[in-house]
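In: Whatever this is, show me its structure:
(one chain, ligands or ions: 1)
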Amino acid sequence: MIFDILTLLPEVCAAYVKASILGRAQKAGLIEVRMTNIRDFAFDRHRTVDDAPYGGGNGMVMKVEPLVAALESLAGNPRPRIVLMAPQGRPFDQEMAAELAGLERLVIICGRYEGIDERVRKLAVDQEISLGDFVLSGGELPALAVVDAVSRLIPGVLGGECSASADSFSDGLLEHPHYTRPPEFRGLGVPEVLTSGNHGAIERWRRKESLRRTLIKRPELLEKAPLGPEDHKLLAEIRGETDGAEPG
Ligand code: SAH
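Out: Numbers count the residues shown, from 1 in each chain. Model (predicted):
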């Protein structure tokens with residue numbers, strides 16, 4: 001999958017993309033993340049990318065021409081999906097990540113200043129995505145969040161040693177807790193079942209703790225999650241447990 005990030009800060013994006021899993025995935029040829037510096041498409045001597053808003057007021061607005069020229073430089077067949085990172089967009093979630101992971105190409109526009117000239121939206125943007133109900137000073141962090149979450153879902157990116165299928169949200173639930181060595185730390189042990197070697201019991205424990213966490217931390221997710229009869233039994237058990245607190 002090819003990602004194109006349109007930004008005024010390509011070096012910021014490149015630094016993150018080079019690191020860890022994304023860097024490895026690029027080396028392996030599973031993804032390609034390209035940066036386009038919007039400033040390269042400014043047409044005046046000063047390479048201006050922003051201007052004062054019509055109607056007055058504070059802040060600057062990203063100009064339409066450099067952005068549209070940058071987008072047109074990326075045109076291809078098939079036409080890539082063009083998304084704009086914006087606090088007004090639909091909140092990003094795992095389901096959206098999974099949908100985007102099915103694309104061959106994704107172009108992501110990062111805004112700066114007060115945002116972009118509305119005509120870019122009208123002319124070119126297919127979808128607006130928000131990272132959440134807060135305002136950042138640029139679209140770079142949200143764009144990188146999208147590239148990261150989508151890349152994890154591309155087969156091979158996480159390698160054989162881990163998989164996205166058990167991650168939180170992938171089955172509508174939060175993930176179960178994890179433990180690794182040592183077996184005891186400051187008086188805190190590890191749930192016995194995890195060292196029992198009994199895979200059936202371990203799976204059951206993980207499913208139950210996944211349900212418990214979701215019930216405690218994000219109960220609204222349970223209403224939408226696809227639950228089977230065994231899950232309802234586990235939930236009944238959890239509700240019947242007097243401590244009701246975090247798993248031991
Ligand atoms: N004045 C705008 C915010 C501009 S913030 C408004 O009120 O809607 C500058 C840029 O940062 C935006 O164009 C967008 O690309 C990015 N940005 C800020 N917060 C964001 C968020 N929560 N999700 C996605 N992008 C965001």
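
In: wait, does stretch 35-50 make contact with the ligand?
Out: No. For stretch 35-50, no contact with the ligand is found by CB under 6 Å from any ligand atom; the gap never falls below 11.1 Å. C-beta: built from backbone N, CA, C; applies to glycine.

In: Run the chain-centre distance for that stretch.
Out: 28 Å (CA atoms, centre = their mean, to the nearest Å).

In: can you pull the buried residues of stretch 22-29?
Out: Neighbour counts over stretch 22-29 (16 or more other CB atoms under 10 Å) mark Leu22, Ala25, Gln26 as buried.

In: Correct me if wrong, but Phe3 is in a strand.
Out: Yes. Assessed by DSSP: H, G, I helix; E, B strand; the rest coil, Phe3 belongs to a strand.

In: How about it, nearest residue that isn't a chain neighbour?
Out: Distance criterion CB to CB, 6 or more residues apart in numbering; nearest residue to Phe3, sequence neighbours excluded, is Val33 at 4.6 Å.

In: Just want the residue of this protein that's nearest the ligand.
Out: Residue of the chain nearest the ligand, by CB to the nearest ligand atom: Gly111 (2.0 Å).

In: count of neighbours near that residue?
Out: By other CB atoms under 10 Å, the residues close to Gly111 number 25.

In: Strands along this protein, start to end?
Out: With strands called from DSSP state E, the chain shows them at 2-7, 32-37, 50-51, 61-62, 81-91, 105-109, 127-130.

In: Can you work out which other helices and strands pack against the third one?
Out: Secondary structure elements in contact with strand 50-51, counted by 3 or more CB pairs under 8 Å, 6 or more residues apart in numbering; DSSP states H and E, are strand 61-62.

In: Which strands and helices lie in contact with the strand it packs on?
Out: Strand 61-62 packs on strand 50-51, going by 3+ CB pairs under 8 Å, 6+ apart.

In: For this structure, what lies in contact range of the ligand?
Out: 85-88, 110-112, 114-116, 130-132, 134-139, 142.

In: Filter the residues you listed down to the buried ones and hand me the PyMOL line.
Out: Applied in PyMOL, the following selects the buried portion of the residues of the chain next to the ligand according to 16+ other CB under 10 Å:
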select buried, resi 85+86+87+110+111+112+115+116+130+131+138+139+142
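
In: Name the residue most distant from the centre of the chain?
Out: Distance from the centre of the chain peaks at Arg45, with 37.3 Å (CA atoms, centre = their mean).

In: re earlier: looking at the residues of the chain next to the ligand, which are in helices?
Out: Judged by DSSP state H, these include Pro142 as members of helices.

In: if we can go back for a sec, dump the buried residues of stretch 22-29 into TSV; add pLDDT as well.
Out: Output for the buried residues of stretch 22-29, formatted as TSV (pLDDT from 0 to 100):
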residue	pLDDT
Leu22	96
Ala25	97
Gln26	96
